[in-house]
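Chemist: with the input below, show me the fold.
(chains A and B)
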Amino acid sequence: MSKFFSLLRASMSEGMNIFRLSGKKQSKFSRIGVPIILAIIIMVSVAGYVDMMMEPLAKVGMEFVVLTIFVFFGAIFILVEGVYKANGLLFNCRDDDMLLALPVKRTTVLVIRVLKFYLFEVMANALILIPAIVIYAIKVDMPASFYLVSLSALFILPILPIIISSVIGGLISFFSAKFRYKNLVQIILTTLVLLAVLYASFNIEDIIQALAQNAKSINELITKLYYPAGQFIRLVLNFKFLDYLMFIVINVGIFVVVLWVFGGVYYKINSRVKIIRTSVTVRDYHIKTHSPLIALVRKELRKFTSSPVFIINAGFGLVLFVVAVVLICINMNSILEMLVRMETEIPIEKIIDYMPAILFGLIFFTSMMSSITSAMISLEGKSFNILKSLPTSPMMIIFAKVLTAVIIIVPVLLVGDIIMFIKFNFNIWQILMIIASSIIMPILAEIVGIIINLKYPKMDAKNDTEIVKQSMSSMVAVFVGMAASIMMIYIIYNSFNSGASVSEVVAAGLVFGVVALFLVIIYLVKWGVKEFNSINV
Amino acid sequence: MIKISDVTKKYGDKKALDGVSFEVGDGEIFAFIGHNGAGKTTLIKAIVGIHDFDEGEVLINDKSIKREPVACKKEIAYVPDNPELYENMRAIQFINFICDMYEVEKERRERNIKKYAEMLEISANLNDTIDSFSHGMKQKVALIAALAHDPKILIMDEPFVGLDPKAVFSTKEVMREMVKSGKTIFFSTHILDVAEKLCTKVAIIKKGKIMKVGSMKDVKGDKSLEKVFLELEK
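Modeler: This is a model prediction of the structure:
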């Protein structure tokens, strides 16, 4: 048993150390303070939403529905994140050889990996669930049993979504490994699954909207879709010890059974995922010469295209941008009807006139949320020393990374722009400003991304998922992007009523982008090389 | 020529390098030996410009690695102890990438890649991705990439680890050939027999301080290098 706990402790300390920066001296604040601040921001935001929803529900005496909804959100969050994380935490792990060579049973290694995955998701789910439980307990006087049930729920509720996401992640890994271009197949399969989840979420939203007036129906719908949520709510409303015992036994029982079945096929899937295809022995090879900058950009593009999680993470926002543009173009009437239904303050009759500003907002949001460079330094890993030993300036290496990201993002934005130019009447100035925005905003976002990654590098990650989805750099980039986007959307939204012309709004946004770009370039030139050189691998 | 003057590097309070000074002249094969954690890799990384150091100076052919890092790096080739190459690339793509960074002309790179790939018996694998390679094969790829631009100074950290006997022999041949044409080789090793037979000069480092440095003959006298090293370690 001591072996089991030693392994679990080692595995957890490595996996949970997402905020530990490697290759750099790290202050206590960034190691402990930043993660706590990020967690507080998330929990306070969730608490705000819970509080907002409690008021109308209190009027109909159904406050508990807020718990149902947030339990459901937590489950969806785990489901989507779990599909990403399964490849890296369960499959394709770099420590396979080391762990399997140890004198421990294979099932022990599997149980440790599943536990690590489980505990990670419990923590993520807690960020959503704890604020909901706390606000609910503040607003509604609850007996002591509520706290016992809620505490148990934090550990019980993630089980089912984890099982589903592991199965989906495993299937994706298994089937993609059968093909020669397994990375490509993995990208396509994961994108299809994520689009399907997104589509399903939209449909559920429609259903919920249709039942908006009836909280009871929402509750019934969710508890039917996600059985443990129903069990939890029943216990909150009417605690019976036998039901509580059943709640735990059923869910833990499912977990154990699935683990037992999964254990039989796990190593087959895992060994298939790890198959490396070598080329047919060809003695002829092509030698082409490139300038150092082009060579660096080609290297970055190769890294990008060889990492499914990197592509999916960056590409998903771009795909959604194109989907949004196409939806605006082909389904404008439905969008207008929806806005009327939502009783928004936006003057509906002016929406089409404001389309350049809306497109500008979309470009800004997409650029800010598709930060590719926020992972590019960390993805170098131990190979970072190769870059440092090359006869080129750090600034050129940084520039090549930003350029690569811009090369990936800008064409997609321009395709969206062209679709909008064809559908709506933009004047020449608006067209020029939108094209300029589609170039300047990604440059701005990617320079911000690289600055964040230089500040928060993680050079010892076990896999790309750890960097792209879980590193401090990626999280900070998402928060910075979100904050900037909310600010920009707020300004654009308010400009609808300010009397400014749409061209003036876009021009102001563009000027803001140029000024911000100028400032971040100054920062990068002044501190970028210093930060680059301070990373020791 | 490499000139190291009073180089000190600290990790917190601990001195990883403590006033290290010596010179490696043109046409010399210089062995750098010391036990694990003595400071060999730290010094090598300081010489090739990967790590900064707190005090002192490193000159590469009279140019400072601190003040003119790019000019210095153009004259150096570096082979790390554990070659962490770009796993997603094919071997030939990696070698080409390094050649691009050193701006090696097409004819010269073709000639050198062919020569060293054949010498190290890896020509048939150049189209394979690096993630399918063993440690030894990665070491060979790193070596070809390092040699393809005809460096004036070759710096290697444990170059013989993981190589098969034929590759060890070929690597030694390459080193001898380079030295004959007046180039400089500086490498760390734990294989004292090889150092003794191959090198003209040697330095022994212990806890960040140079314990002995000079020609092989001066350092070991009538004893074996192994005996001298073990006596210093006591």
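Chemist: go ahead and flag the most central residue of chain B.
Modeler: B:Met156 (1.5 Å; Cα atoms, centre = their mean).
Chemist: quick check: that residue touching B:Ser188?
Modeler: Yes - between B:Met156 and B:Ser188 a contact is recorded at 7.5 Å, counting by Cβ atoms under 8 Å. Any C-beta I mention is one placed from the backbone N, CA and C, and that applies to glycine too.
Chemist: hang on, the earlier thing: report the beta-bridge partners for the residue nearest to the centre of chain B.
Modeler: For B:Met156, the beta-bridge partners are B:Val79, B:Phe187 (DSSP bridges).
Chemist: quick one: residues contacting it.
Modeler: By Cβ atoms under 8 Å, 6 or more residues apart in numbering or on different chains, the contact set of B:Met156 is B:Tyr78, B:Val79, B:Ala146, B:Ile185, B:Phe186, B:Phe187, B:Ser188.
Chemist: ok, and the closest non-adjacent residue to the third one?
Modeler: Spatial nearest neighbour of B:Ala146, excluding adjacent residues (Cβ to Cβ, 6 or more residues apart in numbering or on different chains): B:Ala77 at 3.7 Å.
Chemist: can you tell me the SS state at the one you found?
Modeler: The three-state label given to B:Ala77 by DSSP: H, G, I helix; E, B strand; the rest coil is strand.
Chemist: hey, which helix is longest across chain B?
Modeler: Identified as the longest helix of chain B according to DSSP state H is helix B:165-180.
Chemist: how about residues contacting the helix or strand where B:Arg111 lies?
Modeler: Counting by DSSP states H and E, the element that carries B:Arg111 is helix B:106-119. If you take Cβ under 8 Å, 6+ apart as the criterion, helix B:106-119 is touched by A:287-289, B:92, B:95-96, B:99, B:104, B:123, B:126, B:143-144, B:147-150, B:170, B:173-174.
Chemist: distance between stretch B:70-78 and the chain's centre?
Modeler: 12 Å (Cα atoms, centre = their mean, to the nearest Å).
Chemist: same check on stretch A:62-71?
Modeler: With Cα atoms, centre = their mean, you get 24 Å for stretch A:62-71.
Chemist: what about the closest residue to A:Ile164 other than its chain neighbours, neighbour count?
Modeler: Nearest non-adjacent residue to A:Ile164, counting by Cβ to Cβ, 6+ apart: A:Leu79, 6.0 Å away. When neighbours are counted by other Cβ atoms under 10 Å in any protein chain shown, A:Leu79 registers 21.
Chemist: A:Leu79 against A:Ser165, yeah?
Modeler: Yes - applying Cβ under 8 Å, one finds A:Leu79 in contact with A:Ser165, separated by 5.1 Å.
Chemist: how would you label A:Val525: helix, strand or coil?
Modeler: helix.
Chemist: what about the residue nearest to it when sequence neighbours are not counted, which SS state?
Modeler: With sequence-adjacent residues excluded and distances taken as Cβ to Cβ, 6+ apart, A:Val525 is closest to A:Met395, at 7.4 Å. Secondary structure assignment for A:Met395 (three-state DSSP): helix.
Chemist: so how far is A:Lys382 from A:Met395?
Modeler: Noted for A:Met395: a distance of 22 Å to A:Lys382, by Cβ to Cβ, to the nearest Å.
Chemist: got the confidence number for the closest residue to A:Ala357 other than its chain neighbours?
Modeler: Leaving aside its sequence neighbours, A:Ala357 sits nearest to A:Val505 (Cβ to Cβ, 6+ apart; 4.6 Å). A:Val505 carries a pLDDT value of 90.
Chemist: which strand or helix spans A:Val505?
Modeler: A:Val505 belongs to helix A:502-523 when assigned by DSSP H and E.
Chemist: would A:Leu414 count as being in a helix?
Modeler: Yes - with three-state DSSP as the criterion, A:Leu414 is part of a helix.
Chemist: OK, contacts around A:Ala445?
Modeler: So A:Ala445 contacts A:Ser367, A:Met368, A:Ser370, A:Ser371, A:Gly481 (Cβ under 8 Å, 6+ apart).
Chemist: how about the first one, phi and psi?
Modeler: So the one you mean is A:Ser367. Taking degrees, to the nearest 10, you get phi -60, psi -50 for the backbone angles of A:Ser367.
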